[in-house]
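Engineer: I would like to see how this sequence folds:
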Amino acid sequence: MSFLKQINPFENALKQFGKAAKLLNLSDDQIAMIKEPRRITEVNLPVRMSNGSIQIFKGFRVQHSTVRGPAKGGIRFHPDVTVEEVKALAFWMTYKCAVVGVPFGGGKGGVVCDPTNLTSTELENISRRYFAELSEIFGPDSDVPAPDVNTNPQIMCWMFDTYSMHKRQFLPAVITGKPLELGGSEGRSEATAQGMVFCVEEATDYLKINLPGATVAIQGFGNAGSFAGKILSEKGTKIIAISDVSGAYYNPGGIDIKAAFDTCAANKKWILEGLEKNTRCEMMDDPMKLLEMEVDILIPAALENQITEENASNIKAKIIAECANGPVTPEADEILEKKNIFTIPDILCNAGGVTVSYLEWVQNRMGYYWRKERIQEDLEYIMKRAFHQVLEKAVTYQVNMRIAAFLLAIERVTKAAELRGLYA
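Structural biologist: Numbering: from 1, shown residues only. Presented below is the predicted three-dimensional model:
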């Protein structure tokens with residue numbers, strides 16, 4: 001999914017932060033402490049390619065805050081990665097961790113590359129070189145990465161192995177999102193989607209919307225979006241539109257999500273012919289129109305800045321559940337609020353992934369692994385508790401859920417800084 005226009009994601013993040021900070025009457029010292037990232041690292045990675053040549057790839061790691069614990073955040077491989085994007089994502093991670101109450105700060109990383117044009121060996125070489133160059137930054141007690149766009153459990157294994165070789169120890173807690181065989185956690189693959197569904201359950205209950213039978217549109221049918229569709233369809237919702245990089249697909253009678261899920265898994269990316277055969281979908285002329293469909297629940301699960309001031313007035317959903325990071329711009333937020341659209345903000349809605357990453361990190365550190373039922377129980381408790389804490393702030397301050405989530409998170413970060421004496 002492409003942006004409607006070029007928008008600086010870090011500037012958007014600061015606008016969202018500023019509204020909440022103003023309500024809390026933070027001092028200049030407090031704002032300075034928690035606004036800008038503590039560390040930005042940029043590296044040039046020399047990588048041996050399959051043809052024997054050396055190619056230089058640019059990599060980033062941003063640590064926004066470590067006030068509440070080690071930096072936490074994914075590593076993405078994408079040709080359009082920029083330091084501003086990574087700064088924004090690290091910023092959001094700080095407050096996402098604070099909203100759900102897990103003891104991490106915010107971090108994020110990226111490498112400018114196109115994985116679709118790389119061999120498996122080249123991908124491994126980039127992954128290992130990135131982690132080796134930044135091995136002094138990473139660590140179970142300092143910075144704990146995870147998968148993100150175009151990275152996966154196999155890449156996490158290469159990175160974990162590189163770190164362990166450098167340290168001459170077996171240290172699975174340095175990274176999360178690993179396979180079960182190397183210390184991964186049950187329930188991690190679907191964690192982001194499952195956390196979102198727990199929030200949607202509470203939101204529909206609060207708004208008196210029956211979840212069974214509710215109509216849903218999902219922009220982005222990657223890991224989070226596909227699992228969201230699968231879990232919601234099992235709860236009786238009607239998924240009428242889905243999209244991925246190949247386009248948007250629509251069936252007013254409801255899409256067979258299991259068939260779409262299986263087709264996606266088999267083909268890696270969708271083929272229109274397969275979708276028409278397996279799910280009886282029609283392809284939409286303009287994929288962005290999926291966002292404007294009249295549904296009960298809209299799930300943006302693609303990239304940042306998909307709903308802007310240009311299309312926000314056309315949004316008709318009753319609930320927006322932000323499974324992606326930063327899918328709604330601050331200008332669009334104001335329009336959606338006037339339309340009484342209930343938005344579950346990203347720093348709450350998609351925090352299921354980092355929550356189960358936290359549970360994986362805990363299991364790695366103690367060397368004991370829980371059953372999936374225990375993971376699900378803990379995830380449900382943490383997500384639903386956070387939802388109601390944010391809702392309470394929204395009611396108390398008479399603000400929308402995004403500002404309320406920032407209010408809760410900023411209070412927790414500033415309190416931790418004060419207790420550590422960092423404003424003295």
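
Engineer: can I assume residue 341 is in contact with residue 315?
Structural biologist: Yes - Residue 341 is within contact range of residue 315, at 6.3 Å (criterion: CB atoms under 8 Å). Glycine gets a C-beta too; all of them are placed from N, C-alpha and C.

Engineer: As CSV, could you dump the C-alpha coordinates of stretch 329-345?
Structural biologist: Written as CSV, here are the backbone C-alpha positions of stretch 329-345 (Å, rounded to 0.1, in the frame of the first residue of the first chain):
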residue,chain,number,x,y,z
THR,A,329,-2.5,11.2,10.4
PRO,A,330,-3.2,13.8,13.1
GLU,A,331,-5.2,15.9,10.6
ALA,A,332,-7.4,12.9,9.8
ASP,A,333,-7.8,12.2,13.5
GLU,A,334,-9.6,15.5,14.0
ILE,A,335,-12.0,14.7,11.1
LEU,A,336,-12.7,11.2,12.3
GLU,A,337,-13.4,12.5,15.8
LYS,A,338,-16.0,15.0,14.5
LYS,A,339,-17.7,12.0,12.7
ASN,A,340,-17.8,10.1,16.0
ILE,A,341,-15.8,7.3,14.7
PHE,A,342,-14.3,5.3,17.5
THR,A,343,-10.6,4.8,16.9
ILE,A,344,-8.5,2.2,18.8
PRO,A,345,-5.1,3.8,18.5
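
Engineer: May I see the buried residues of that stretch?
Structural biologist: By neighbour count on 16 or more other CB atoms under 10 Å, the buried set for stretch 329-345 is 329, 330, 332, 333, 335, 336, 337, 341, 342, 343, 344, 345.

Engineer: JSON lines for these, including pLDDT, distance to residue 227 and secondary structure?
Structural biologist: Converted to JSON lines, the buried residues of stretch 329-345 look like this (pLDDT from 0 to 100; distance: CB to CB, whole Å; DSSP: H, G, I helix; E, B strand; the rest coil):
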{"residue": "329", "pLDDT": "92", "distance to residue 227": "26", "secondary structure": "coil"}
{"residue": "330", "pLDDT": "91", "distance to residue 227": "28", "secondary structure": "helix"}
{"residue": "332", "pLDDT": "95", "distance to residue 227": "26", "secondary structure": "helix"}
{"residue": "333", "pLDDT": "94", "distance to residue 227": "26", "secondary structure": "helix"}
{"residue": "335", "pLDDT": "97", "distance to residue 227": "29", "secondary structure": "helix"}
{"residue": "336", "pLDDT": "97", "distance to residue 227": "25", "secondary structure": "helix"}
{"residue": "337", "pLDDT": "96", "distance to residue 227": "29", "secondary structure": "helix"}
{"residue": "341", "pLDDT": "98", "distance to residue 227": "24", "secondary structure": "coil"}
{"residue": "342", "pLDDT": "98", "distance to residue 227": "22", "secondary structure": "strand"}
{"residue": "343", "pLDDT": "98", "distance to residue 227": "21", "secondary structure": "strand"}
{"residue": "344", "pLDDT": "98", "distance to residue 227": "17", "secondary structure": "strand"}
{"residue": "345", "pLDDT": "96", "distance to residue 227": "20", "secondary structure": "coil"}
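
Engineer: of all the residues you listed, which comes closest to residue 181?
Structural biologist: Using CB to CB, residue 344 is the member of those that lies nearest residue 181, at 34.2 Å.

Engineer: residues contacting that closest one?
Structural biologist: When contacts are counted by CB atoms under 8 Å, 6 or more residues apart in numbering, residue 344 touches 196, 199, 200, 203, 319, 320, 321, 322, 387, 401.
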